[in-house]
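# Make a model of this:
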Amino acid sequence: MTSVDKPTDENAGAASPAPDADVQAVTEAALFEAFGGLRGMIETVLPGLLFVTIYTINKDLHLSAIAALGVSLLLLVARFARRGTIKHAFSGVFGVAFGVVFAMMTGNAKDFYLPGMLYTLGLALAYIITTLCGVPLIGLILGPVFKENLSWRTRNPGRKKAYAKASWAWGLILLGKCAVLFPMYWWADTTKFGWVLVALKIPPFLLAVYLTWVFLAKAPPPIDVFAEMEAKEKAEEEAKEAKEAEEAEQAREREQVAPRSEP
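Coordinates of the predicted model:
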C-alpha cells in the first residue's frame, strides 16, 4: 500500500489516466473484507428466504420464525468452527432474533421484516447526514480497513471526496429500497411482500459496493498511517541508538585524553 507524505490535491484522482492496478486490487480486497463477500451475502439472504419459503407453503408463523432463527445460529456456529470473522453472522442472528420477537409479539408475519427495514432506513439517513457533516460514514467504515484511519479527512482531500460520493450512493440507494418496501409493508400481503424484500436484498447492495469501488479506485491511494507510525518509531530508535553511540565514543575519547593531561 502506497504511503503519501503530504496532502494530495483534490483533483489528483482525475489527473491520472487510469487507476493503478495495485490500488484497484487493494480496494477490491478491502471491500470484500468490509462487506463480507459471497459468504456474507448468503448469511444475509438465507434466513429471510427460508422464512418466506416456509410461510408461503404452510402460513405457519412460528415454524417460519424458528427455522429462520435456527439457520442463522447454524451459520454463526459454522463461522466459529472455521475460526472466521463472525461479525456478519452475528449481526445476522441479532437481526433475525429481533424480527422473530416482533412477529411473535404482534402475530403479524410481516413484522419479521420490520426491524431490518427500520435499520435500513436508519443506515440510509446515517450515510447522508454524516456526509453532510463532512465525515462520510463509508470513510469511517473503510478507513481502518485501508490502514488510513481518519487521515483522509485532512491529509487526502481527493480520497475524502471519493468517500463522500460513495456515502451518497449508499444513502440514496438504501432510501430507494425503503421507498419500495415501506408502502408494500402496509398494503401487500405477507407472501408477496416477503419475496419482494428477499429479491431486494442483494442487487442494491451490489450496486452500492460497485459504485464504492469505482469511486475509490479512481481516488488517490490511502495514507498508511500504521506504516508511518512504524517508520517514525524506527527513526526515533535509530536516532536514540546513534546518540548513545556518539555519547559512548565521546566518553572513550575523554578517558584516553585524561591520563595525558595529568602532571
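# State the distance from residue 220 to residue 39.
31 Å (C-beta to C-beta, to the nearest Å). The C-beta positions use only the backbone N, C-alpha and C, and glycine is treated the same way.
# Those two: which has the busier surroundings?
residue 220 (27 against 16; other C-beta atoms under 10 Å).
# so that one makes contact with residue 160?
No - using C-beta atoms under 8 Å, residue 220 makes no contact with residue 160, being 9.8 Å away.
# Quick one: the strands in the protein, in order.
Along the chain, no segments are classed as strands by DSSP state E.
# mind showing which ranges of it have poor pLDDT?
1-26, 28-30, 32-34, 36, 83-90, 257-263 (pLDDT under 70).
# Quick check: longest helix in it by residues?
The longest helix of the chain (DSSP state H) is helix 225-260.
# List the buried residues for that one?
225, 228 (16 or more other C-beta atoms under 10 Å).
# again, but for stretch 43-57
Those would be 43-55, for stretch 43-57 by 16+ other C-beta under 10 Å.
# just stretch 201-218 next, same as before
Going by 16+ other C-beta under 10 Å, stretch 201-218 has these buried residues: 201, 204-205, 208-209, 211-218.
# Need phi/psi at residue 133.
phi -80, psi 0 (degrees, to the nearest 10).
# how much space is there between it and residue 143?
Here residue 133 is placed at a distance of 16 Å from residue 143 (C-beta to C-beta).
# higher neighbour count, the two?
Taking neighbours as other C-beta under 10 Å, residue 133 and residue 143 compare with residue 143 leading, 21 against 9.
# In contact with the more buried one: list those residues for me.
149, 150, 151, 152 (C-beta atoms under 8 Å, 6 or more residues apart in numbering).
# switch to 6 Å and redo it
Neighbouring residues of residue 143 by C-beta atoms under 6 Å, 6 or more residues apart in numbering: 149, 150.
# That one and residue 236, how far apart?
25 Å.
# Output the contacting helices and strands for the longest helix of the chain.
Helices and strands touching helix 225-260, as assessed by 3 or more C-beta pairs under 6 Å, 6 or more residues apart in numbering; DSSP states H and E, are absent.
# Could you give the separation of it from the chain centroid?
43 Å (C-alpha atoms, centre = their mean, to the nearest Å).
# oh, and call the first residue 640 from now on, that's how I've got it
Noted, 640 is the first residue going forward, which turns the last one into helix 864-899.
# so what's residue 743 closest to, chain neighbours aside?
Distances taken as C-beta to C-beta, 6 or more residues apart in numbering put residue 704 closest to residue 743, at 6.6 Å, once the chain neighbours are dropped.
# actually residue 763, not the one I wrote
Per C-beta to C-beta, 6+ apart, closest to residue 763 is residue 813, 3.6 Å.
# And for the one you found, the neighbour number?
Count around residue 813 with other C-beta under 10 Å applied: 23.
# got a list of what it touches?
Residue 813 neighbours (C-beta under 6 Å, 6+ apart): 759, 762, 763.
# What separation is there between the spatially closest residue to the first one that is not a sequence neighbour and residue 749?
Read that as residue 759. Spatial nearest neighbour of residue 759, chain neighbours left out: residue 813 (5.5 Å); criterion: C-beta to C-beta, 6+ apart. As for residue 813, its distance to residue 749 is 20 Å (criterion: C-beta to C-beta).
# my read: residue 833 touches residue 693, true?
No - applying C-beta atoms under 6 Å as the test, residue 833 and residue 693 come out as separate, 10.2 Å apart.
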